[in-house]
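Student: Structure for the following, please:
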Amino acid sequence: MSRVGASETMVGLLKKAVGAENVGLGEVTRPVAGAGEVVIEVLANGICGTDLHIIADEFVSDPPVVMGHEVTGYVRELGDGVDAAWLGQRVAPETYYRTCDLCPRCLEGRRNLCPTRRSIGSHVNGGFAPFVVLPARNLHPVHESVGELAGALYEPLACVANCLCDPTVVSPGDTALVIGPGAMGILAAQVLIAQGADVLLSGTARDAQRLELARTLGIRTIDAADAEAAAPGPGFDIAIDCSGAAPGIRTGLRATRKGGRYVQIGVAGKPVEFDIDQVFLKELIVTSGFASTPRSWNRAVALVAGGHVQLDPLITAAYPLSEWKTAFDRTASADCMKLVIDPRSGAVLTQGAA
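Tutor: As a prediction, this is how the structure comes out:
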């Protein structure tokens, strides 16, 4: 198996220090696979809302650290004890570089809640770089139907599956309102439709292109201002906020029927104000899901393999590392669906219009 010298370096996008901003390109050591680990050559790493929160110091990180956790790529190096069949495979990995594997949360399969968890992109060098190292047990093969760039969407899909599939939050025929037509919202809508729900996806005027894309995937849409009025009878059986914004959260709580369920997927990054009495007066079930679990990754893999969730249409464009600022600013402006960083490329590669 191939090895590289420990002195070899590469360029990555780093959170360089604590504090808002403090992000830029820098030189870091190229990773080497230790026992039980693999080195992945990164094809694409998605820009996540969490990355924007890390830049603003609204999400915990341990700088200096290479950002990026929505990784897809080829396995290029194997550490001792790793199955040789992984070499050359196109994969999407779980994000946890280290968990204790001994605490109650780890033992019940919820590594995402381990108090000693250290994840790529926030505590350990991540995927906004040409190579990233991870434990081999984190690997999942990318289905042959999925394009190179879209493999980066397995991780957000696994996060959605953690919120919606374990346990399943809808039954066939349930009515569901999904708030926020970004990548997470459209993934959530597809998962709910696969479970038999009657789904309505809401967005604001600036989401026009995103809502149009959703409609091409067979998802019914509505303007956010009309979402509450569109609730069937006493309200939606379930509302899912994927916006992370206070107005969306308030709408979701108000639009849910008595005895219904509210799910928080979007990350706010700061305290938001809402009417907690909506939970009390209507006896709402409120749930969420932080990141992903091995089980939710298996759900995501099955949803893609079964053709229930489409990933490729959600990719708008890939940017090289040198144009990271443009890509991040564009993500923040919401004039696109999903942008990825391709550490191999020297030019912008446009895949879609949304």
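Student: Find me the pLDDT at the closest residue to Gly49 other than its chain neighbours, would you?
Tutor: Among residues not flanking Gly49 along the chain, Val267 sits closest, at 5.7 Å (C-beta to C-beta, 6 or more residues apart in numbering). All C-beta atoms are positioned from the backbone trio N, CA, C, and that covers glycine. The per-residue pLDDT reported for Val267 equals 91.
Student: The chain: helices as residue ranges?
Tutor: 49-55, 104-107, 154-164, 183-194, 208-216, 246-255, 277-282, 294-305, 324-333 (DSSP state H).
Student: Now do the fifth one: distance to the chain's middle.
Tutor: Translated: helix 208-216. 19 Å (C-alpha atoms, centre = their mean, to the nearest Å).
Student: Leaving out chain neighbours, which residue sits closest to Ala334?
Tutor: Using C-beta to C-beta, 6+ apart and skipping residues adjacent in sequence, the residue nearest Ala334 is Arg206, 5.9 Å away.
Student: Can you tell me how far that neighbour is from Glu77?
Tutor: Distance, Arg206 to Glu77, using C-beta to C-beta, to the nearest Å: 43 Å.
Student: more neighbours, the two?
Tutor: Here Arg206 and Glu77 are compared on neighbour count by other C-beta atoms under 10 Å; more neighbours surround Glu77, at 20 against 10.
Student: Can you verify my assumption that Gly79 contacts Pro31?
Tutor: No - contact between Gly79 and Pro31 fails when scored by C-beta atoms under 8 Å: they sit 10.5 Å apart.
Student: Could you chop the chain up by domain?
Tutor: 9-141+311-350, 159-288 (automatic domain parsing).
Student: what mean pLDDT does the longest one have?
Tutor: For domain 9-141+311-350, the mean per-residue pLDDT is 95.
Student: got the contact list for the residue most central in space within the chain?
Tutor: Per C-alpha atoms, centre = their mean, the C-alpha nearest to the average position across the chain is that of Pro156, at 2.4 Å. Pro156 sits next to 46, 48, 70, 183-184, 187 when contact means C-beta atoms under 8 Å, 6 or more residues apart in numbering.
Student: any chance of those residues in TSV, with neighbour count and distance to Leu107 too?
Tutor: Rendered in TSV, the data for these read as follows (neighbours: other C-beta atoms under 10 Å; distance: C-beta to C-beta, whole Å):
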residue	neighbour count	distance to Leu107
Gly46	28	30
Cys48	24	28
Glu70	32	27
Ala183	28	32
Met184	28	29
Leu187	28	29
